[in-house]
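**Q** Need coordinates for the following:
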Amino acid sequence: MNQTIEEVARRYRDFLTGFIALVISALLASVAGIYLGSVNELLILIPGLMILVPSSINMRGAIAGILSSRLASSMHLGAFDINYSRGSVLGDNLRATFILTVLIAAIVGIIGYVIGISADLEIISVQEMILISVISGSIAGLIVTLITLIVSLGTYRYGLDLDIVGAPTVTTAGDVITLPLLVISAVIIVNLPPSMQYVLFFVVLLLVAVALFGIVRGTVMIRSIVREGLPLLAPLCILGTITGVIYTEGLEELVATAALLIIIPPFMNGCGAIGGIICSKLATGMHMGEIEPTIIPGREVLSGFLTNYIYALIILPIMAGIAHAAAVLMHLDTPGIMMMTLITTLSGLIVVTGLNLLAYLTASVSFSLGYDPDNFGIPVVTSSIDLIGASVLILVIYLLL
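**A** Model prediction:
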């Protein structure tokens, strides 16, 4: 009887912790959405910038999500300690995060240019795309990593579950921090004279060289994290870039109804955060032997799925209301509070269904093949949710408006 009461109390505490984290994330991510709505003209004036937005934001959250998920698993397994030295769990994870941040940012710039040109879109030069991506990505990456570290140490100190707190925090930080830095970097770089761009490009090449040297001279743990993370994240950049192309092709319609532009960051953030929670908990459960990677999900997994739907039904209308109110206050066009709520909630429930299934499939397959699901779950789900979410959101907008 006492065990049943303790289990119910634990589940209630975990749900409440996740709910509070998601509400705070929704509020903060809405700031990024409002900012995106306020710079709508820049998105048109700097061709190709919107292509970088989803992949840049997603990669910041994905890389920090890997860090958070790995640290959470190490805490549950009793292998975590506050030690930044070479060879320590915390120190090597931070070094691997820096390497992935720099290399993936360069890849995002290259892929963004190639796909943009292939889609026959007007776009800035490849040098400018790389400079914008690497400079904004590296600065944002350092800030988001610091936030992830603070949250990790805080949960460790106060006995909270990092699996629940970590994903919403890092994905929100990725949204709120990356987007302004991306826009500011783009404005500065495209207005620099060619000579200054060449100097900056040389600095970026040096930064990439340092990251590559870090792999060669890194510990076994660093090389393992990069070896599993880089081949996964690099192809996932393509999904984010395609998402950017979808938004770019519909940019004039989104700008015309700016409330829909405002909803994009919080919608993607909310879905990504919900997916991040289930991914992190699945990875930890499999590491600890509490969840078996079976074809049909067990009760613990199905309970997590149900929790995600409850989160979505609460969080999504809040996002829609904030986006509508912001559009009204900024004198921007909006389809109305009821239509915004319908579009956001319907799209979100469809996306949450997909992320539940994808999260379990990714964790089960990676764990069964002997890989660490901490390295695969969040990047795969958040990157896929970007593409799925963009497609579903745009489709629902076209069907209802």
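
**Q** only C-alpha atoms for contact and neighbour calcs from this point on.
**A** Fine.

**Q** I315: what's it in contact with?
**A** Applying Cα atoms under 8 Å, 6 or more residues apart in numbering to I315 gives the contacts L22, V23, A26, G270.

**Q** residues near the third one, how many?
**A** So that's A26. Using other Cα atoms under 10 Å, the number of residues around A26 comes to 24.

**Q** residues of the helix or strand harbouring L16 that come out buried?
**A** In this assignment (DSSP states H and E), L16 forms part of helix 2-38. Within helix 2-38, the residues scored as buried using 16 or more other Cα atoms under 10 Å are 14-15, 18-19, 21-38.

**Q** What of stretch 385-401?
**A** When burial is assessed from 16+ other Cα under 10 Å, stretch 385-401 yields the following buried residues: I385, D386, L387, I388, G389, A390, S391, V392, L393, I394, V396, I397.

**Q** Hmm, the last one is touching T344, no?
**A** In other words, I397. No: look at I397 against T344 with Cα atoms under 8 Å: they stay out of range, at 9.1 Å.

**Q** Report the spatially closest residue to V31, excluding sequence-adjacent ones.
**A** If the residues on either side of it in the chain are set aside, V31 comes closest to V176, at 6.8 Å by Cα to Cα, 6 or more residues apart in numbering.

**Q** So the residue lying closest to P317 once chain neighbours are set aside versus A325, what's the distance?
**A** The spatially closest residue to P317, leaving aside those adjacent along the chain, is T341, at 5.3 Å (Cα to Cα, 6+ apart). As judged by Cα to Cα, to the nearest Å, T341 and A325 stand 12 Å apart.

**Q** So between those two, which is more surrounded?
**A** Neighbours per residue (other Cα under 10 Å) separate T341 from A325, with T341 holding more: 20 against 17.

**Q** Please, where are all the helices along the stretch 101-250 of the chain?
**A** Here the stretch 101-250 of the chain has its helices, by DSSP state H, counting those that start in this stretch, at 126-158, 162-190, 194-216, 220-249.

**Q** what's the least confident stretch among those?
**A** Lowest mean pLDDT of the helices of the stretch 101-250 of the chain: helix 162-190, a mean of 79.

**Q** just checking, what packs against that one?
**A** Applying 3 or more Cα pairs under 8 Å, 6 or more residues apart in numbering; DSSP states H and E, one finds that helix 162-190 makes contact with helix 2-38, helix 49-76, helix 126-158, helix 258-287.

**Q** starting at the chain centroid, how far to that helix?
**A** 9 Å (Cα atoms, centre = their mean, to the nearest Å).

**Q** okay, the angle between that helix and helix 2-38?
**A** 10 degrees (axes from the mean of the first three to the mean of the last three Cα atoms, to 10 degrees).

**Q** All further residue positions should be reported with the first residue as 527.
**A** Okay, using 527 as the starting number, the last item reads as helix 688-716.

**Q** now helix 688-716 against helix 652-684, angle please.
**A** 150 degrees.

**Q** pLDDT at V781, what is it?
**A** As predicted, V781 sits at a pLDDT of 65.

**Q** nearest residue to V742 other than its sequence neighbours?
**A** R749 (7.9 Å).

**Q** roughly how far apart are that neighbour and F739?
**A** Relative to F739, and taking Cα to Cα, R749 is found at 11 Å.

**Q** Compare neighbour counts for those two and give me the winner.
**A** The residue with more neighbours, out of R749 and F739 and counting by other Cα under 10 Å, is R749; that gives 17 against 12.

**Q** Let me see the contact set for the residue nearest to P843.
**A** Here T867 is in contact with L842, P843, A846, G847 (criterion: Cα under 8 Å, 6+ apart).

**Q** pretty sure the second one contacts T870?
**A** The one in question is P843. Yes: here P843 reaches T870: they are 7.0 Å apart, a contact under Cα under 8 Å.

**Q** Would you mind telling me which of those two has the busier surroundings?
**A** Neighbours per residue (other Cα under 10 Å) separate P843 from T870, with T870 holding more: 26 against 20.

**Q** Return the set of buried residues in the helix or strand encompassing that one.
**A** With secondary structure defined by DSSP H and E, T870 is part of helix 863-894. Buried residues in helix 863-894, counted by 16+ other Cα under 10 Å: 863, 865-875, 877-878, 880-882, 884-890, 892-893.
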